[in-house]
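Trainee: got a sequence here, can you model it:
(chains A and B)
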Protein chains: 2
Amino acid sequence: MMRVVLIGYGNLGKHLAQALAANEQVSLLQICTSQVIGDSQLQGVERIQQPDQLKPADLYLMAIADDHIASRSQALPNLDGLVAHCSGSTNIQALCSNNRAGVFYPLQTFSKKSSPIWEEIPICIEATNRADLHLLQQLALAISPKVFNVSSEQRLHLHLAAVLVNNFGNHLMHMAQEQLGQAQLSYQLLLPLMQETLDKIKRMPPVQAQTGPAVRGDKKTMEQHLALLQAEEKELYSLFSKLIKQSHDHEL
Amino acid sequence: MMRVVLIGYGNLGKHLAQALAANEQVSLLQICTSQVIGDSQLQGVERIQQPDQLKPADLYLMAIADDHIASRSQALPNLDGLVAHCSGSTNIQALCSNNRAGVFYPLQTFSKKSSPIWEEIPICIEATNRADLHLLQQLALAISPKVFNVSSEQRLHLHLAAVLVNNFGNHLMHMAQEQLGQAQLSYQLLLPLMQETLDKIKRMPPVQAQTGPAVRGDKKTMEQHLALLQAEEKELYSLFSKLIKQSHDHEL
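Mentor: Below is the predicted model:
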């Protein structure tokens, strides 16, 4: 049974704690956090507030804000176990070299209200030696069949890609919702289109799936759209239209 | 049985022709197009090339490019039936007033390779009188349960919203794919995240679902991302980050 200690109890930390506590291959020994743990599923897990109270474990998972990874890993005592962070955009070298370093990055957007389906979440792992990589792989496979070896450099590209489709895609949905609100139309109207947009890329590269006024060079429609948008949204619209045209012409 | 003539045989026209020919409540009399019709499912449908060969029908559906709607509706003879276009961004008034005018707009992205699931596609209809609206409603309900009365003004907002989530969202996927290509990673890695991005908006408004470096104001990560992007993509990234922050601050 793998002994794990969780450092951090934010959004990701809470979901990880639940997944680890419920897993038969894992013994979640402690959670190190200044926050109160209200979760009844975690009653058997010791809560500590300071790193000098850390118990011996195979793995110390740091589920904390990117900015704090370097400093908080430096504040850890010398440990026998592996110390891994869970950040998409942080290099493995940000972890203090006093301890063996690794990365355990679940590629998903986590929110308070909803339970992640762990079996579907890709987990990207990285370590500096084979034994540590094996340990991370073992933990990752215990919670998801989708485990990938991803270097820090690759992970940054991946994290950027995730920001593009998730954060920026989400903002487009917000803008779309505002347009529909202005027209007193339900957002439900767009759901089938959004699902098809996503399903299409399982069948063909997005650049080939592209349709609409920008790719057609339909200036009249683009001008009508621009008239409905605010100043900076106009800029975004024009920039997208330009980039779409460029990608399409490049593809021909 | 409703007698329908289809004018135009492009991407949408082909899919509409199939749906109408297969429908028991519809008799698809003719398709007016200069293109050859290779589809064996349409063998019983007469192909004509000129509008003076049009047969009497209840409805003439113009599935043609937005730019040609005005001129081609002007070239139609005086007809007993209703003339409806299928465009998201074209006002009903673009249709020549010689004939009764309507709009029949299926809100979906159509591609050659895939068959649309008509039962899931919202169809937006508009007419200038109750009888015509009823006719369009009858046809729409024959192919989808999701039928909405949408005015030309509303439809333009809806079309813009569709361009935002579909065309622009699709371009973000293209950019994401390029990032993953640069890192020799499979695009499959992103699919669960994209599905969750979409599923989330069924549970909460997108502005509340927002996560990531822009909303956190995490400048270090944003700079790392910018370093991986080309000139105009950098601009897009910065603009999105600014708009996301604004929306978030506005929401608080």
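Trainee: show me what stretch A:7-15 is in contact with.
Mentor: Residues from elsewhere that reach stretch A:7-15, judged by CB atoms under 8 Å, 6 or more residues apart in numbering or on different chains: A:6, A:17, A:31-33, A:35, A:37, A:39, A:51, A:60-65, A:72, A:86, A:106, A:110-112, A:115-116, B:211. Backbone N, C-alpha and C define where each C-beta goes, glycine included.
Trainee: now stretch A:22-34
Mentor: Identification of contacts with stretch A:22-34 by CB under 8 Å, 6+ apart yields A:1-9, A:13, A:17, A:20-21, A:37, A:41-42, A:45-51, A:53-55, A:57, A:138-139, A:142-143.
Trainee: so which of the residues you listed sit within strands?
Mentor: Among the contacts of stretch A:22-34, the subset assigned to strands under DSSP state E consists of A:2-7, A:46-48.
Trainee: give me the low-pLDDT residue ranges for the stretch 151-252 of chain A?
Mentor: Scanning the stretch 151-252 of chain A for pLDDT under 70 picks out A:252.
Trainee: picking up where we left off before, report the buried members of the contacts of stretch A:7-15.
Mentor: Buried subset of the contacts of stretch A:7-15 (neighbour count, 16 or more other CB atoms under 10 Å in any protein chain shown): A:6, A:17, A:31-33, A:37, A:51, A:60-64, A:72, A:86, A:106, A:110-111, A:116, B:211.
Trainee: can you pull out the strands in chain A?
Mentor: Under DSSP E, chain A gives strands at A:2-7, A:26-32, A:46-48, A:59-62, A:82-85, A:101-106, A:123-127, A:147-149.
Trainee: which of those sits closest to B:Lys202?
Mentor: strand A:101-106 (21.8 Å; CB to CB).
Trainee: CA-only coordinates of that closest one in CSV, if you can.
Mentor: Presented in CSV, the C-alpha positions along strand A:101-106 are these (Å, rounded to 0.1, in the frame of the first residue of the first chain):
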residue,chain,number,x,y,z
ALA,A,101,11.4,15.7,-7.2
GLY,A,102,8.5,14.6,-9.4
VAL,A,103,5.4,15.9,-11.1
PHE,A,104,1.9,14.6,-10.9
TYR,A,105,-0.4,16.7,-13.1
PRO,A,106,-4.0,15.8,-13.7
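Trainee: that strand near chain B anywhere?
Mentor: No: judged by CB under 8 Å from any CB of the partner chain, strand A:101-106 stays clear of chain B, getting no closer than 10.0 Å.
Trainee: now that strand against strand A:123-127, angle please.
Mentor: Note on geometry: by axes from the mean of the first three to the mean of the last three CA atoms, to 10 degrees, strand A:101-106 and strand A:123-127 are set 180 degrees apart in direction.
Trainee: quick one on the thing from earlier: give me the buried entries from the contacts of stretch A:22-34.
Mentor: Buried among these by 16+ other CB under 10 Å: A:2-9, A:13, A:17, A:20-21, A:37, A:42, A:45, A:48, A:51, A:54, A:57, A:138-139, A:142-143.
Trainee: start and end of stretch A:47-59, how far apart?
Mentor: One end of stretch A:47-59 to the other measures 16 Å (CA to CA, to the nearest Å).
Trainee: nope, stretch A:195-209 is what I was after
Mentor: 14 Å.
Trainee: likewise stretch A:209-222?
Mentor: 19 Å.
Trainee: and that stretch, how far out from the chain middle?
Mentor: 32 Å (CA atoms, centre = their mean, to the nearest Å).
Trainee: what comes up buried for that stretch?
Mentor: A:209-216, A:218, A:221-222.
Trainee: before we move on, what about stretch A:88-99?
Mentor: A:88-92, A:94-96, A:99.
Trainee: bridging residues for A:Ile123?
Mentor: A:Pro106, A:Val147 (DSSP bridges).
Trainee: Provide a list of residues in contact with it.
Mentor: A:104-107, A:140, A:143-144, A:146-148.
Trainee: picking that back up, let me know the closest of the ones in strands among the contacts of stretch A:22-34 to B:Asp132.
Mentor: Looking across those and measuring by CB to CB, the closest to B:Asp132 is A:Leu6, at 64.1 Å.
Trainee: domains in chain A, by residue range?
Mentor: Listed by automatic domain parsing, the domain ranges of chain A are A:2-150, A:155-251.
Trainee: before we move on, back to that, and which of the buried residues of stretch A:88-99 is nearest to chain B?
Mentor: Set against chain B, the nearest of the buried residues of stretch A:88-99 by CB to the nearest CB is A:Ser89 (4.5 Å).
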